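> I'll drop the sequence and a predicted model, then ask my questions.
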Amino acid sequence: QVRLVESGGRLVQAGGSLRLSCAASGRTIENDNMGWFRQAPGKEREFVAAITRPRSGGTTKYADSVKGRFTISRDNPKNTVFLQMNNLRPEDTAVYYCAADSAHIVNLETARLWDYWGQGTQVTVSP
């Protein structure tokens with residue numbers, strides 16, 4: 001069992017930057033793929049970014065809407081995953097969730113396939 005706790009969300013102006021953190025506890029996440037999803041009011045949870053486990057190359061994948069603006073990274077010794085968000089837009093406003101995948105799924109964009117979830121952190125981008 002792994003527990004995920006997100007932090008770093010807050011109100012920011014359009015064009016600004018934020019860095020979200022996801023701290024894992026209970027066991028190492030070194031063998032998990034890790035990801036970020038977001039959910040805006042009235043919308044379904046959507047994929048933002050993922051990074052595979054080191055054994056799979058630590059490769060990254062992004063939603064088209066954030067490509068070139070967001071960067072996912074992981075610090076395995078610290079059992080932490082980050083999401084650096086630059087050039088934020090009002091449409092990025094959502095609750096951002098960290099997720100862990102221990103089954104090494106193929107379709108990383110599908111939220112229901114991920115095993116573990118954090119409680120979320122609110123990101124609000126003002127115009």
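Structure received. Residues are numbered from 1 along each chain as shown.

> For the rest of this, base every contact and every neighbour count on C-alpha atoms.
Fine.

> Now do H104, the pLDDT please.
Looking at H104, its pLDDT stands at 87.

> and what of V5?
98.

> what about it, neighbour count?
Other residues near V5 come to 18 when the count uses other Cα atoms under 10 Å.

> repeat for D75
If you count neighbours by other Cα under 10 Å, D75 ends up with 12.

> How much space separates the residue nearest to it when sequence neighbours are not counted from L11?
Leaving aside its sequence neighbours, D75 sits nearest to V81 (Cα to Cα, 6 or more residues apart in numbering; 6.2 Å). V81 sits 21 Å away from L11, going by Cα to Cα, to the nearest Å.

> The two: who's more crowded?
More neighbours surround V81 than the other of V81 and L11, with 25 against 13 (other Cα under 10 Å).

> Which of the three states applies to that one?
Here V81 takes the strand state, with states given by DSSP: H, G, I helix; E, B strand; the rest coil.

> I'd say it and R74 touch.
Yes: the criterion here is Cα atoms under 8 Å, and V81 meets it with R74 at 4.2 Å.

> okay, the residue nearest the centre of the chain: pLDDT?
For the chain, the residue nearest the mean C-alpha position is W36 (1.9 Å; Cα atoms, centre = their mean). W36 carries a pLDDT score of 98 in this model.

> Repeat that for Q122.
pLDDT at Q122 comes out at 98.

> So what pairs up with it in the strands?
V95 (DSSP bridges).

> so who does it touch?
G9, R10, T93, A94, V95, Y96 (Cα atoms under 8 Å, 6 or more residues apart in numbering).

> Same check on V12?
So V12 contacts L18, V123, T124, V125, S126 (Cα under 8 Å, 6+ apart).

> Thank you kindly, that will do.
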